[in-house]
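[1] predicted structure and sequence below. I'll ask about it afterward.
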Amino acid sequence: MSILADKNTKLLVQGITGSEGSFHTKQMVEYGTTIVAGVTPGKGGDNFENIPVFNTVAEAVLNTGANASVIFVPPPFAADAIMESANAGVELVICITEGIPTLDMVKVNEYLKGGTTRLVGPNCPGLITPGEAKIGIMPGFIATPGRVGVISRSGTLTYEAVDQLTKQGLGQSTCIGIGGDPIIGSSFKDLLRLFEADEDTDAVVMIGEIGGSAEEEAADYVKSEMTKPVIGFIAGQTAPPGKRMGHAGAIIAGGKGTAAEKMKVLRDAGIHVTENPSGLGELTKKVLG
Amino acid sequence: MKIHEYQAKEILREYGVPVPRGGVASTKEEVRKIAEELGGTVIVKAQIHAGGRGKGGGVKLAANADEAEEHAGNILGMNLVTHQTGAEGKEVQKVLIEEGIDIAQELYFGIVLDRVTGQLVLMASKEGGVEIEKVAAENPDAIMKEHIEPSVGIQPFQLRKLAFGLGLKGDAFREATRFFSKLIKAYEANDSSLVEINPLVITADDKVIALDAKMNFDDNALYKHKNIMDMRDLTEEDPYEVEASKFDLNYIKLDGNIGCMVNGAGLAMATMDIIKLSGGEPANFLDVGGAANVTTVENGFKILMSDKTIKAVLINIFGGIVRCDVVAKGVVEAAKNVKIDVPLIVRLEGTNAKEGREILENSSIDINVASDFSEGAQKAVELAKA
């Protein structure tokens, strides 16, 4: 077990023939992910590395039974790509694309409401269930199978945390980057809930950053419903207010969303917080005893 | 992206949002001409991106064109310091000259994204003319909010709720609801990320006017709006940051003396944090991105080296898609053109880390290799002090 994806996941790739899409498709196949289809409008009927390419997501799903999609299409077309997958009934959509206009995501958010599709991202590295499936752009070699879940708003900082866990002898159940944009499909809270229910996860490492209030919502959930230990870190303790720190959502606005404030809320909720990003692995080991 | 008040008002005017009559000027002569055309009392307002201009002496009332010219003489070219500019201030290059308005009431109106609901939210308050963050902190109930449902858009009853809530009646009430609706159109049509009218003014004869206007835009959507992109004022931005943006680098200048170059925004923030935790101060945020190549790394490194306050540089790369050997080559290339006169601490992990370290060890550059993240930061702090 794990969350969101495993060896039974049948993945389709939107934008499979583009430079990003084709490169990462090869990497995902190499990792062992089952990729059943690609979608590039106008290239239906082609093949990419023996994967059939379709014009629409609906056709791809009908012909291959794909139940997850990963999106590599350029920002102006990415919102449309997410909605196309949702419309075709794809259960899990992971959008890697960075730079989608916020108002496009407002529409996507509305479109997905009440539906059965779970969106992860956009502007995220995707996920890995070690040894089973890798969806997105995370380097596969750093992760090892095990029982710690990892959720993060960042890409490389996720790799850092996963690497620390691995070096402490702690494997991972599933590692997910949820994305650094102001509007994202799955929040910390959504995924904590899945990890809480997953019998193969013993603890969760949660890596937040400045801006917004997703960490505070997660803390609320942890305090009221979560029984498994959560280990937390918030990046951006030294970030100046009013400056966007790379990620579109990482900004301290109107004095709100600072790292200090978030760490306090996390601590008050019983989350094991470290101020030192290089201490995540060690702290997790200590918490698990 | 940020723009000036006069630019925001030009956009609002296009959408039929009432703003004071006026014009922008960069010389005293132009100021006189505009003031004469407007006639009577005028206001001279310094045009810089930061708020708090009035308190800093950048906004003056003038009874006539002579006074307007005199004020403009003082304001143009002045170094305006406000709570938002930092101690170094901003040089004023343009002023906005506007007709005097007979103010009966000052209110607040803003539109922004609510990240929790993923919807736009309208905010209105009777407490206009003061910082809304302060109102939000001290008296949150004084701010009324209405969300826009994306599928149906704003509904008239919501606008009525806000206008009644502001205590408006008669003509002012009707004008306010129209004002709000036009402002929403201006926001949505231009992919704004923030619109603030503070103060929103009710005049003695019941007119509703945007006395001040602030508009920010979503950087991700600028490709749709060339007219907005053309409004970018590079003189308002940090020159290092402008240089970095040319190479698709995310760079932000900070006050410390330890430079850092990292791949990924989260790891870059965490690197700054660990420098601070080790007793140092970061000089910058620099994310070379997930697709860094030899050229981006080289350019990033050159920007760091041009900052003379830097006493040590920490390179922290966790290779995933970005390969460590590529980063190492970028540093070696940069070293051919720029003199490296500060200690260089390198931590490479992940894809091709070994190859990367070998490239650096075999080069003529003097580097300090760190085996992990915290060791890298500690070495950087020590060497910066030495």
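    In hand now; what should we look at?
[2] where does B:G290 sit: helix, strand or coil?
    coil (DSSP: H, G, I helix; E, B strand; the rest coil).
[3] state the phi and psi torsions of it.
    phi -80, psi -10 (degrees, to the nearest 10).
[4] now for it, how many residues are close by?
    B:G290 has 18 neighbouring residues, counting by other C-beta atoms under 10 Å in any protein chain shown. (C-beta placed from N, C-alpha, C; glycine too.)
[5] again with B:G73
    14.
[6] helix or strand for it, just tell me which one.
    Here B:G73 sits within helix B:65-75, counting by DSSP states H and E.
[7] and that helix, what does it pack onto?
    helix B:28-38, strand B:42-46, strand B:59-62, strand B:95-99 (3 or more C-beta pairs under 8 Å, 6 or more residues apart in numbering or on different chains; DSSP states H and E).
[8] ok, which stretches of the stretch 201-350 of chain B are helices?
    Along the stretch 201-350 of chain B, the segments classed as helices by DSSP state H, counting those that start in this stretch run B:226-229, B:239-246, B:265-277, B:294-306, B:324-337.
[9] hey, which of these is tucked in deepest?
    Most buried of the helices of the stretch 201-350 of chain B by mean neighbour count (mean count of other C-beta atoms under 10 Å in any protein chain shown) is helix B:265-277; its value is a mean of 28.
[10] just the closest residue of the stretch 251-386 of chain B to chain A, please.
    Per C-beta to the nearest C-beta, B:G266 is where the stretch 251-386 of chain B lies closest to chain A, at 2.2 Å.
[11] now for A:S22: which residues touch it?
    A:I16, A:F48 (C-beta atoms under 8 Å, 6 or more residues apart in numbering or on different chains).
[12] name the residues of stretch A:100-117 that are buried.
    A:100-112, A:117 (16 or more other C-beta atoms under 10 Å in any protein chain shown).
[13] ugh, wrong one, I meant stretch B:366-386
    B:367-368, B:370, B:372-384.
[14] ok, stretch B:355-367 next?
    For stretch B:355-367, the neighbour count (16+ other C-beta under 10 Å) marks B:E355, B:G356, B:R357, B:I359, B:L360, B:I365, B:I367 as buried.
[15] can I get those residues in a markdown table with distance to chain A?
    Shown next, in a markdown table, are the buried residues of stretch B:355-367 (distance: C-beta to the nearest C-beta, whole Å):
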| residue | distance to chain A |
| --- | --- |
| B:E355 | 15 |
| B:G356 | 14 |
| B:R357 | 16 |
| B:I359 | 19 |
| B:L360 | 19 |
| B:I365 | 24 |
| B:I367 | 20 |
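[16] which two of those have the greatest separation?
    Farthest apart among these by C-beta to C-beta are B:E355 and B:I365. That separation is 15.9 Å.
[17] first-to-last residue distance for stretch B:99-106?
    17 Å (C-alpha to C-alpha, to the nearest Å).
[18] buried set for it?
    B:E99, B:I101, B:Q105, B:E106.
[19] so for that stretch, mean pLDDT?
    Averaging pLDDT along stretch B:99-106 gives 96.
[20] one more: stretch A:119-137?
    Mean predicted lDDT for stretch A:119-137 stands at 96.
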